[in-house]
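Structure, please.
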Amino acid sequence: MSWALRSVGHRSPGLHAEALALAQTLQTFASAPARWIGRDTLRDLSRPAVLALATRKAAKKAPKRPA
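This is a model prediction of the structure:
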């Protein structure tokens, strides 16, 4: 679950924000595995390099405008 959520968060800035929000929500769960997933995901997605990667990936996939 953790790797899937982190992978989604690496795809685009919008998905990055959604994955961060879900990770923060998971940290509030009573279940220890859910809290671990939330912490692990937040640790990865909170790095500035990850947001930069998501931004670059989104820019690559953006449709090219004719010159």
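
For the rest of this, base every contact and every neighbour count on C-alpha atoms.
OK.

nearest residue to residue 50 other than its sequence neighbours?
Nearest-residue entry for residue 50: residue 10, 6.3 Å, with adjacent residues in sequence omitted and distances by C-alpha to C-alpha, 6 or more residues apart in numbering.

Next, give phi and psi for that neighbour.
phi -90, psi -10 (degrees, to the nearest 10).

Find me the pLDDT at the residue most central in space within the chain, would you?
In the chain, the centroid-proximal residue (C-alpha atoms, centre = their mean) is residue 9; its distance is 2.1 Å. We have a pLDDT of 91 for residue 9.

pretty sure it is in contact with residue 45, am I right?
Yes - with contact defined as C-alpha atoms under 8 Å, residue 9 and residue 45 form a contacting pair (6.8 Å).

Give me the common contacts of the two.
Residues touching both residue 9 and residue 45 (C-alpha atoms under 8 Å, 6 or more residues apart in numbering): 16, 20.

Show me where this structure has its helices.
In the chain, the helices defined using DSSP state H lie at 2-9, 13-26, 32-45, 48-61.

Which positions in the last one come out as buried?
It stands for helix 48-61. Judged by neighbour count (16 or more other C-alpha atoms under 10 Å), helix 48-61 contains these buried residues: 50, 51, 53, 54, 55, 56, 58.

Burial check on residue 4, number of neighbours?
Residues lying near residue 4 (other C-alpha atoms under 10 Å) number 11.

Now do it against residue 18, distance only.
To residue 18, residue 4 is 13 Å away according to C-alpha to C-alpha, to the nearest Å.

any low-confidence regions in the chain?
66-67 (pLDDT under 70).

Next one: residue 2 from residue 48, what distance?
Distance, residue 2 to residue 48, by C-alpha to C-alpha: 19 Å.

got it, and residue 64?
Distance of residue 64 to residue 48, given as C-alpha to C-alpha: 26 Å.

One more: residue 12?
Using C-alpha to C-alpha, residue 12 is found at 13 Å from residue 48.
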